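> just coords:
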């Protein structure tokens with residue numbers, strides 16, 4: 001508790017611009033926690049589901065059963081369910097519905113990333129503004145007869161350095177978080193594209209088989 005109080009007391013030397021920087025820090029942490037939860041809870045593909053997709057036999061029954069007992073809000077389950085529901089329709093129809101679902105999932109995964117990207121740019125600028133504010137405060141202590149308050153000058157320089165350091169730390173963490181979750185989003189969408197291609201190809205094959213059987217009949 002004493003260390004926490006000392007840290008807060010040190011941050012207060014950063015001047016008034018520390019407060020908007022702390023707001024950005026809280027917002028950044030909230031977004032990172034939210035993205036972590038979403039990817040852990042709704043985006044990690046189930047091993048059972050992926051095994052059934054990669055080893056789809058002559059029947060869709062096992063895959064349908066697995067989808068029916070899985071979390072309906074899971075992104076991969078939502079995507080596969082759309083294909084299952086439309087697999088007997090024309091190929092262009094099933095592809096369109098699958099594409100719509102992917103766009104909806106992409107929008108969900110992208111939520112908050114633009115805020116992180118903004119923080120990456122805004123935090124260093126606010127820190128720089130704090131630097132300018134602190135230096136102005138320090139220079140104002142020079143009067144017509146020389147230096148009025150040496151301790152005040154030191155305080156102003158410290159204020160400038162603290163604001164800059166906090167802004168840079170926030171920007172660096174936000175940058176790593178943005179790049180990490182952008183990469184996860186790209187990998188997730190690529191995996192959905194692979195799954196969609198595999199299932200839709202199988203649906204087309206079934207349609208051709210049914211068509212050939214009808215011609216023979």
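Looks like it came in fine. Here the structure is a predicted model, which is why all the values come from computation and not from measurement.
> make it CA atoms for all contacts and neighbour counts henceforth
Fine.
> what residue is smack in the middle of the protein?
The residue lying closest to the centre of the chain (C-alpha atoms, centre = their mean) is residue 181, at 4.3 Å.
> Phi first, then psi, for it.
phi -70, psi -30 (degrees, to the nearest 10).
> just checking, it touches residue 35?
Yes - at 7.5 Å, residue 181 and residue 35 qualify as touching, with contact defined as C-alpha atoms under 8 Å.
> helices or strands next to the helix or strand containing residue 163 in the packing?
Residue 163 is located in helix 150-216, with elements delineated by DSSP states H and E. Applying 3 or more C-alpha pairs under 8 Å, 6 or more residues apart in numbering; DSSP states H and E, we find helix 150-216 packed against helix 18-38, helix 47-54, helix 75-86, helix 91-110, helix 113-139.
> what angle do that helix and helix 75-86 make?
With axes from the mean of the first three to the mean of the last three C-alpha atoms, to 10 degrees applied, the angle from helix 150-216 to helix 75-86 works out at 20 degrees.
> Now do helix 150-216: distance to the chain's middle.
Helix 150-216 sits 6 Å away from the centroid of its parent chain (C-alpha atoms, centre = their mean, to the nearest Å).
> Give me the angle between that helix and helix 113-139.
Going by the same axes, to 10 degrees, helix 150-216 makes 170 degrees with helix 113-139.
> so helix 150-216 versus helix 91-110, what angle?
Between the axes of helix 150-216 and helix 91-110, defined by the same axes, to 10 degrees, the angle is 160 degrees.
> That'll do, ta.
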